[in-house]
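J.: just coords:
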């Protein structure tokens with residue numbers, strides 16, 4: 001199920017206080033970048049992030065999910081998207097643990 005653009009716009013508004021938030025569309029879904037690093041996936045109207053230690057600490061009860069049904073890559077689903085401060089703190093917390101994209 002492709003992500004509704006309104007959901008993406010909502011997330012971008014929630015993260016508007018952070019500098020360096022960009023996105024890229026990929027097959028009906030979106031990658032969110034924070035200062036050049038892939039910070040989250042927006043898939044099927046869900047916000048998913050890599051389970052780096054800071055994310056696991058901030059989301060101790062989060063469920064693991066995948067980008068697509070049956071997908072092997074397990075990510076943390078962020079359900080608390082209505083809390084703007086929480087989302088910005090989450091992205092700030094995970095930033096240092098995220099890798100920069102590989103050069104082509």
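T.: It's in. It should be emphasised that the depicted structure is a prediction, and the values quoted were computed from it without experimental measurement. Residues are numbered from 1 along each chain as shown.
J.: if I look at the closest residue to residue 17 other than its chain neighbours, how far off is residue 4?
T.: Spatially, and ignoring its direct neighbours in sequence, residue 17 is nearest to residue 88 (5.6 Å; C-beta to C-beta, 6 or more residues apart in numbering). Placement of C-beta: from N, CA and C, glycine included. Taking C-beta to C-beta, to the nearest Å as the criterion, residue 88 is separated from residue 4 by 22 Å.
J.: Report the distance from the lowest-mean-pLDDT helix or strand in the chain to the chain centre.
T.: For the chain, using mean pLDDT, DSSP states H and E, the weakest element among its helices and strands is strand 64-66, scoring a mean of 89. Averaging C-alpha positions (C-alpha atoms, centre = their mean, to the nearest Å) puts strand 64-66 12 Å from its chain's average.
J.: what do you get for stretch 12-31?
T.: 8 Å.
J.: okay, how far is it across that stretch, tip to tip?
T.: Using C-alpha to C-alpha, to the nearest Å, one end of stretch 12-31 lies 12 Å from the other.
J.: try stretch 54-73
T.: First residue to last in stretch 54-73 (C-alpha to C-alpha) measures 18 Å.
J.: Looking at residue 88 and residue 4, which one has more neighbours?
T.: Taking other C-beta atoms under 10 Å, residue 88 and residue 4 do not tie; residue 88 has more neighbours (17 against 12).
J.: Wait, a helix at the more buried one?
T.: Yes - using DSSP: H, G, I helix; E, B strand; the rest coil, the assignment for residue 88 is a helix.
J.: residue contacts, it?
T.: Residues near residue 88 by C-beta atoms under 8 Å, 6 or more residues apart in numbering: 14, 15, 17, 18.
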